[in-house]
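# sequence and predicted model, in that order:
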Amino acid sequence: MAPAQSLLLNTGRKIPTVGLGVYKTPAEQCTSLIYEALNVGYRHIDSAALYDNEEEVCEGIAQWLAEDPSRKREDIFYTTKIGDGSHGYEKAKNAIKVSLEKAKKIQYIDLILIHSPQSDGERRHGTWKALEEAYEAGTVKNIGVSNYGVKHLKELLAYPDLKRPESCRPRGRENGREVQQNRRSDPHKVVSRTRFHHPAEDRHQGPTGPEPRRVQL
């Protein structure tokens, strides 16, 4: 695998443009999977509290780093996310603490995202405040949002106490285009995602033939 390019975030840190997500990956498979993924060239690993595999992902990263002293922690970018049930200032603080504990073998988290905006304005604001505090403490190096559309981004950008988000991951093609069209000069970075396609999936037929690959931005 060729080395991935990186984007510069406004913290001065870089995020690799290609990453490996572990959604629906069983926890017991994650440590070896991540170790092998790093061996073949991946440098950005994406997990979430919802996936129930954060600790195993971090164990795979730790094993890979420990194998060779020339490998540096700053060369790996680890992303995780706060689930909807942890929205609100106090709940988000606890969720961040739990994710940091699971990441203790790799010392810190490169990026924490709010996984989705599915709560209410007050709780989203409180969650963002908790993320900002974690960033200021240095245990989280970047913060951002996931599955936010233009409406929720505008809400976030209107917070009077806002420090700008680093990364935004919209959901759905149309939503992704709308976010791109509306970002103007805002300094947030937009990250997209897609899933790998397996030939066996062609067995699933739609009304006019095989289902197209699903792409989520």
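Good, I have the coordinates. Residues are numbered from 1 along each chain as shown.
# going forward, measure contacts and count neighbours with C-alpha atoms only.
Fine.
# doesn't residue 132 make contact with residue 163?
Yes - using Cα atoms under 8 Å, residue 163 is in contact with residue 132, at 7.3 Å.
# of the two, which one has the most company?
Shown here are residue 163 and residue 132; by other Cα atoms under 10 Å, residue 132 has more neighbours (21 against 13).
# could you pull up phi and psi at that one?
phi -60, psi -40 (degrees, to the nearest 10).
# was I right about it contacting residue 143?
Yes - shown here, residue 132 and residue 143 form a contact pair, counting by Cα under 8 Å, at 7.3 Å.
# can you list residues touching both of these two?
Both residue 132 and residue 143 lack any common contact, where contact means Cα atoms under 8 Å, 6 or more residues apart in numbering.
# can you list the strands that the lengthiest strand in the chain pairs with?
Across the chain, the longest stretch assigned as strand under DSSP state E is strand 77-82. According to DSSP bridges, strand 77-82 forms sheet pairs with strand 44-46 (parallel), strand 111-114 (parallel).
# residues in contact with that strand?
15-16, 43-50, 54, 92, 95-96, 99, 109-115.
# now with 7 Å, please.
With Cα atoms under 7 Å, 6 or more residues apart in numbering as the test, strand 77-82 has contacts from 15, 43-49, 95, 109-115.
# kindly report the same for stretch 34-49.
1-3, 16, 18-23, 54, 57, 60-61, 63-64, 75-83.
# same question for stretch 100-112.
54-55, 58-59, 62, 77-81, 139-144.
# what is the helix or strand that contains residue 66 packed up against?
Using DSSP states H and E, residue 66 sits within helix 54-67. If you count contacts as 3 or more Cα pairs under 7 Å, 6 or more residues apart in numbering; DSSP states H and E, helix 54-67 packs onto helix 27-39.
# quick check: beta-bridge partners of the residue most central in space within the chain?
Nearest to the mean C-alpha position of the chain, by Cα atoms, centre = their mean, lies residue 79 at 4.3 Å. Beta bridges link residue 79 to residue 46, residue 111, judged by DSSP bridges.
# next one: it from residue 154, what distance?
23 Å (Cα to Cα, to the nearest Å).
# do the same with residue 49
Taking Cα to Cα, one finds residue 49 at 25 Å from residue 154.
# more neighbours: which of those two?
residue 49 (19 against 13).
# just the pLDDT for the more buried one.
pLDDT for residue 49: 98.
# quick check: phi and psi at it.
phi -60, psi -40.
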